[in-house]
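Q: Coordinates for the following, if possible.
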Amino acid sequence: MKLLKIGRSASNNIILNSNMVSSIHAELTILDNGDIILEDKNSHNGTFVMNKPIQPGMSVPIRRGDAVRFADVELQWSQVPMPEDNSKFKAIYGIGTNFRNEIQLNGATVSRFHATLKMGRNGKSYIIDHSKNGTTINGIKIKSDTPVQIKHKDRIVCGGVPVDIKPYIKASHAPKILSAVAAAMIIVCLVFAGKKMFRSDVNPVELTPATVYVHGAFYIVASFDDDPFQNPKFTAIFKQLGVTWPKEYIFGTPAQSGDQYVWQFGLSESKIDAIHYSGTAFFINRDGMMATNRHIAVPWEYVNSFFGQDAESAIKEKMEEFRTSQIPVSQIITISDLAALSGTELGRIICLLYQNGYCTLDEIRSYINTFKSSKITISGRHQYVRIGYPGRNYNSEDELPRCTVVKESDDPKIDVAIMQLNDHKTPDEIKMIYDIENARTDVSTLKPQQEDLFTIGYPAGLTMGLDNQDGGLKATVHKISISKEPGDYSFQFQGEELGGASGSPIIDKKGRLVGVLWGGFKLGSSFGEACEVKYLKKLYDDAQSKSNN
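A: Residues are numbered from 1 along each chain as shown. Next up is the predicted model:
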């Protein structure tokens, strides 16, 4: 772990020469797993990530290469050291008050990232202090940022708070004769316990740590497919004339007016509120891969599901209004007709093209007719996708780690997708993951009302998932049963699910994956729908094959 202080003062690790920058402006923390955390230290002129201000005193995860600005000075990533090579260690545990630590402590004298416990592949263990108030081993304070070897029986105190290291460091081996006795006892126990030692069932609660809350934010992006003014030949001309013509049009969170939605519309994401949504995902390997729904991965393709059957039509109507406003004259026959266009941005551009000799009237007529008939395409993109781990406390959405959509089904009827943590590593604290390799892909074994199945997820998102009394996120486990023979793509189950449960795994009593929940309905009686797991298995195999190539 490395803590880098950033600011104007000469005592900082990264010194910024600007009067706009505060003496101690911000801190950058590089965690042992490679994650990077940024915090503004109540600076006068702010810290910005991707041109958006971050809240002072709030830890914000960023990625190497992100555009970061301290007041008026851009961060030069060459000044930020790369993460340490920890390949010689089999396990690493952070110690401190911050929720990202594997060993969390409480106390005003304990630093956020106080120390690091590293377990070597050679069987030796080390502790490294990073704190303000120090770390002691058997009452002796150790040197900061220096690995010190420790043993199972050592007494470790961080900032005056004792740390129990025994669960993490193995005790020295007992004499061989005792080991032999212990081995014999284990054999005896196995003989007597028989099948009870080898559980055939998995308690669904044991898999909740591998089931995560998803929070996403996205924009709907519309464009004109055959916009002639996007022709590469105009790029240099527009630059010379000092004009721009948009390639895309951004739609954000709409306001509801009666049964209608009034869409936010603009040309820049910075002036549009992203559309927020929640869901569920679950880990299917140790490389940070998670399964979820297609509509969680590419929500803009389901805009009608989010906002009603007329939502996409309303967006296209807004685009038509914009197009009409730019071409108020039905025909361009004379120069005076051309002058009538000058009141719009596109008209101004067309007039400049003509006046500077880049286009004839005939060419302008052709361009305008093409623009008028150009097809409108609706797509989208994420502002971010983040996940929250059960049992952890979060002060804001910025503290949720980011992930990326790896692959989604090509068929909207097959509602599955795969995401991956940006650091490509499933947290070590998640001991059990969902076994995609041994999923129940044969749907013929699923019979109505024949067996108990379970869903694990976050119905209603944080409304139900965040428990402020006990602290941290909590997944909901529901017992369900198949209510109809599986179809070609999905199966129906008894019981209603709320928004936010989308992407929840469905497992049998042995913990085997059966499906991925994608929706719930009320048609006189409540029931839910899930995609068959065989389609998730195929998508996962395709994603693995692509990554290996």
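Q: Against residue 93, how distant is residue 517?
A: Distance from residue 517 to residue 93, counting by CB to CB, to the nearest Å: 34 Å. C-beta here means a position set from N, CA and C on the backbone, and glycine is covered the same way.
Q: So those two - more neighbours on which side?
A: Neighbours were counted for residue 517 and for residue 93 using other CB atoms under 10 Å; residue 517 has more, 29 against 20.
Q: Next up, the contacts around the residue lying closest to the more buried one once chain neighbours are set aside.
A: Nearest non-adjacent residue to residue 517, counting by CB to CB, 6 or more residues apart in numbering: residue 504, 4.2 Å away. For residue 504, the contacting residues are 211, 280, 282, 455, 456, 457, 458, 497, 516, 517, by CB atoms under 8 Å, 6 or more residues apart in numbering.
Q: Buried ones only from those, please, as a PyMOL command.
A: Buried subset of those, written as a PyMOL selection, criterion 16 or more other CB atoms under 10 Å:
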select buried, resi 211+280+282+455+456+457+458+497+516+517
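Q: mind listing the helices in the chain by residue range?
A: Applying DSSP state H to the chain gives helices spanning 176-193, 233-241, 294-297, 303-307, 311-326, 335-339, 345-355, 361-373, 462-465, 533-548.
Q: Just name the most buried of the ones you listed.
A: Stretch with highest mean neighbour count among these: helix 294-297 (a mean of 26; mean count of other CB atoms under 10 Å).
Q: just how off-centre is stretch 412-424 within its chain?
A: In terms of CA atoms, centre = their mean, to the nearest Å, the centre of stretch 412-424 is found 11 Å from the chain centre.
Q: What residues sit buried inside that stretch?
A: Neighbour-count burial for stretch 412-424 [16+ other CB under 10 Å]: 414, 415, 416, 417, 418, 419, 420, 421, 423.
Q: quick one: low-confidence parts of the stretch 151-300 of the chain?
A: Within the stretch 151-300 of the chain, the ranges that satisfy pLDDT under 70 run 170-202, 257-259.
Q: Which parts of it are strands?
A: 156-158, 161-163, 211-224, 249-257, 260-266, 275-283, 289-292 (DSSP state E, counting those that start in this stretch).
Q: Tell me which strands the longest one pairs with, and in which orientation.
A: Next to strand 211-224 in the sheet, as set by DSSP bridges, lie strand 249-257 (antiparallel), strand 275-283 (antiparallel), strand 376-388 (antiparallel).
Q: again, but for the fifth one
A: As defined by DSSP bridges, the strand partners of strand 260-266 come to strand 249-257 (antiparallel).
Q: Repeat that for the first one.
A: Partner strands and pairing direction for strand 156-158 (DSSP bridges) are strand 135-137 (antiparallel), strand 161-163 (antiparallel).
Q: With mean neighbour count and distance to residue 540 added, can I get these in CSV?
A: Below are the strands paired with strand 156-158 laid out as CSV (neighbours: other CB atoms under 10 Å; distance: least, CB to CB, whole Å):
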stretch, mean neighbour count, distance to residue 540
strand 135-137, 20, 43
strand 161-163, 16, 39
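Q: and residue 242, which of those strands is closest to it?
A: Nearest to residue 242 among those is strand 135-137 (60.2 Å), distances taken as CB to CB.
Q: what sits up against the closest one?
A: With contacts defined as CB under 8 Å, 6+ apart, strand 135-137 is touched by 114-115, 127, 129, 141-142, 148, 150, 154-159.
Q: Return the closest of those with respect to residue 364.
A: Closest to residue 364, out of all of the contacts of strand 135-137 and judged by CB to CB, is residue 114, at 68.4 Å.
Q: And the pLDDT at the closest one?
A: pLDDT recorded at residue 114 is 91.
Q: you'd agree it is up against residue 159?
A: Yes - assessed by CB atoms under 8 Å, residue 114 is found in contact with residue 159 at 6.1 Å.
Q: Spit out the residues that contact those two alike.
A: Residues touching both residue 114 and residue 159 (CB under 8 Å, 6+ apart) are 105, 131, 135.
Q: Adding distance to residue 544 as columns, could you present the strands of the stretch 151-300 of the chain in a markdown table?
A: Putting the strands of the stretch 151-300 of the chain into a markdown table (distance: least, CB to CB, whole Å) gives the following:
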| stretch | distance to residue 544 |
| --- | --- |
| strand 156-158 | 41 |
| strand 161-163 | 39 |
| strand 211-224 | 20 |
| strand 249-257 | 35 |
| strand 260-266 | 39 |
| strand 275-283 | 14 |
| strand 289-292 | 8 |
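Q: and those, which is most packed in?
A: Scoring the strands of the stretch 151-300 of the chain by mean count of other CB under 10 Å, the most buried comes out as strand 289-292, with a mean of 28.
Q: Give the pairing partners of that one; include direction for each.
A: strand 275-283 (antiparallel), strand 417-421 (antiparallel).
Q: Any idea which of the ones you listed gets closest to residue 294?
A: For residue 294, the closest of the strands paired with strand 289-292 is strand 417-421, at 4.7 Å, according to CB to CB.
Q: quick one: which of the strands paired with strand 211-224 is nearest residue 88?
A: Nearest to residue 88 among the strands paired with strand 211-224 is strand 275-283 (26.0 Å), distances taken as CB to CB.
Q: what separates that closest one from the chain centre, distance-wise?
A: Per CA atoms, centre = their mean, the centroid offset for strand 275-283 relative to its chain is 8 Å.
Q: Poorly predicted segments of the stretch 351-500 of the chain, please.
A: Along the stretch 351-500 of the chain, segments meeting pLDDT under 70 span 395-396, 460-471, 495-499.
Q: Strands of that one, start to end?
A: Assignment of strands within the stretch 351-500 of the chain using DSSP E, counting those that start in this stretch yields the ranges 376-388, 403-408, 417-421, 453-457, 476-480, 490-494.
Q: So what angle separates the directions of the last one and strand 476-480?
A: In this case it means strand 490-494. Put simply, strand 490-494 runs at 90 degrees to strand 476-480, going by axes from the mean of the first three to the mean of the last three CA atoms, to 10 degrees.
Q: Likewise for the third one?
A: Note on geometry: by the same axes, to 10 degrees, strand 417-421 and strand 476-480 are set 160 degrees apart in direction.
Q: which residues touch strand 417-421?
A: Strand 417-421 is contacted by residues 281, 284, 287-294, 296-298, 385, 387, 401-409, 536, 539-540, 543 when judged by CB under 8 Å, 6+ apart.
Q: sorry, back to before: give me the more crowded residue out of residue 114 and residue 159.
A: Using other CB under 10 Å, the more surrounded residue of residue 114 and residue 159 is residue 114, with 28 against 23.
Q: how much space is there between the more buried one and residue 11?
A: For residue 114 relative to residue 11 (CB to CB), the value is 21 Å.
Q: how much space between residue 46 and residue 217?
A: Separation of residue 46 from residue 217 (CB to CB): 21 Å.
Q: which residues does the closest residue to residue 34 other than its chain neighbours contact?
A: Nearest non-adjacent residue to residue 34, counting by CB to CB, 6+ apart: residue 83, 4.3 Å away. Contact analysis of residue 83 by CB under 8 Å, 6+ apart lists 30, 31, 32, 33, 34.
Q: which one of those is nearest residue 531?
A: residue 33 (31.9 Å).
Q: quick one: contacts for that closest one?
A: When contacts are counted by CB under 8 Å, 6+ apart, residue 33 touches 83, 92, 423, 425.
Q: can you check residue 13 too?
A: Going by CB under 8 Å, 6+ apart, residue 13 touches 3, 4, 5, 6.
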